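K.L.:
Fold the following, please.
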Amino acid sequence: MAKVLEQVFKVKAENNMLQNKIEAKSISFSYKDVEILQNIDLTVRDGEFIVLMGPSGSGKSTLLRLLTGLAQPMSGEILVNNISTANSLADSAVVFQDYSLFPWLTAEENIILALKKKLKKSKTKKEFEQLAQQYLELVQLGHASKKYPGEMSGGMRQRAAIARALSLGADVMFMDEPFGALDPVTRIQLQDVILQVNRDQQRTVVFVTHDAEEAIILADRIVMFTPGPPGKIADIIDVPFPKPRDRKMLVESSEFIKFRNDVLRIMNKGIFEKLEQNREGI
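P.N.:
Sure, this is the predicted structure:
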């Protein structure tokens with residue numbers, strides 16, 4: 001794994017201080033006259049792993065899409081590496097829930113296309129194929145390199161999308177519930193891959209999940225959203241466990257159980273308040 005990452009992720013240490021910083025300033029967003037996000041302020045530090053968490057409909061995925069620059073806020077400003085996303089798309093890799101693979105390309109060809117975008121023509125056809133195969137093996141998909149997306153299960157397609165995102169070697173990775181369709185063992189293995197990329201290559205990761213345990217295992221900070229619409233930031237929670245985290249020891253500890261319950265309590269508090277507001281409005 002380390003060999004693969006070293007081949008593509010080559011960013012000088014002196015440049016890291018200038019990269020991977022994200023700022024969302026007073027962001028609001030509406031769709032069809034419904035306010036989805038209201039007054040969002042968030043700063044993501046260089047190399048930080050941020051998890052966006054909250055109930056469905058709270059605007060987490062919408063904020064992620066705004067941060068990528070694929071959509072623009074109605075008001076406010078988003079900066080990535082001190083450049084407005086209104087002016088330029090950030091050097092980033094994105095994994096959405098819907099896989100986003102090109103259906104007419106095999107898993108291998110999807111990754112080669114991404115590698116060529118990053119590495120231009122610096123490698124031969126055989127070298128690109130070997131690199132693509134290594135990335136597929138990282139996500140336990142080496143046996144399916146010649147399969148088309150239509151020939152793969154949903155979990156396999158998502159693993160291929162993750163492999164493609166890793167192959168880009170981007171400064172920032174945006175991930176929208178990327179492990180939701182995976183079995184528990186593969187999910188844990190890929191969590192560890194993403195954590196290694198974040199740790200060893202100082203990549204900034206913004207990650208959406210509904211899973212409190214996954215959030216705690218991965219995050220440096222958890223950004224908790226209120227139920228929407230409109231979604232707001234209810235709290236930003238520092239995860240108190242130092243990295244690297246020993247998963248087995250951590251999840252069995254009383255400190256982990258208490259912290260997980262605290263995280264769920266914060267999320268549930270917003271849900272209960274929203275339900276009470278809805279009752280009063282009936």
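K.L.:
can you map out the strands along the stretch 51-200 of the chain?
P.N.:
Using DSSP state E, counting those that start in this stretch, the strands of the stretch 51-200 of the chain run over 75-80, 83-84, 92-95, 172-176.
K.L.:
Would you agree K25 falls within a strand?
P.N.:
Yes: assessed with DSSP: H, G, I helix; E, B strand; the rest coil, K25 lies in a strand.
K.L.:
Quick one: residues contacting the closest residue to it other than its chain neighbours.
P.N.:
The shortest distance from K25 to any residue other than its chain neighbours is 4.9 Å, reached at E77 (C-beta to C-beta, 6 or more residues apart in numbering). Where you see a C-beta, it was placed from the backbone N, CA and C, and this is true even at glycine. Residues near E77 by C-beta atoms under 8 Å, 6 or more residues apart in numbering: E23, A24, K25, S26, I27, S84, A86.
K.L.:
Next, count neighbours for the last one.
P.N.:
A86 is surrounded by 11 other residues when neighbours are defined as other C-beta atoms under 10 Å.
K.L.:
and what of the third one?
P.N.:
Burial of K25, expressed as a neighbour count using other C-beta under 10 Å, amounts to 15.
K.L.:
who wins for proximity to H143 among the strands of the stretch 51-200 of the chain?
P.N.:
Comparing the strands of the stretch 51-200 of the chain against H143 with C-beta to C-beta, the closest turns out to be strand 92-95 (21.1 Å).
K.L.:
I'd say I237 and M224 touch.
P.N.:
Yes: contact criterion C-beta atoms under 8 Å: I237 and M224 qualify, at 6.3 Å.
K.L.:
Low-confidence ranges, the stretch 151-282 of the chain, go.
P.N.:
In the predicted model, the stretch 151-282 of the chain carries pLDDT under 70 at residues 275, 279-282.
K.L.:
Show me the helices in it, by range?
P.N.:
Per DSSP state H, counting those that start in this stretch, the stretch 151-282 of the chain carries helices over the ranges 154-168, 184-201, 212-218, 247-251, 254-281.
K.L.:
Please indicate which of these has the most neighbours on average?
P.N.:
Across the helices of the stretch 151-282 of the chain, averaging neighbours per residue (mean count of other C-beta atoms under 10 Å) puts helix 154-168 on top, at a mean of 24.
K.L.:
which residues touch that helix?
P.N.:
8, 93-96, 99-101, 107, 110-111, 114-115, 117-118, 131-132, 135-136, 138-141, 144, 147, 149, 152, 173, 175, 178-183, 186, 190, 193, 197.
K.L.:
The same query, at a cut-off of 7 Å, please.
P.N.:
Applying C-beta atoms under 7 Å, 6 or more residues apart in numbering, the external contacts of helix 154-168 come out as 8, 93-95, 99-101, 107, 110-111, 114-115, 118, 135-136, 138-141, 144, 149, 152, 173, 178, 181-183, 190, 197.
K.L.:
Report the contact partners of A24.
P.N.:
Counting by C-beta under 7 Å, 6+ apart, A24 touches I40, D41, L42, L67, G76, I78.
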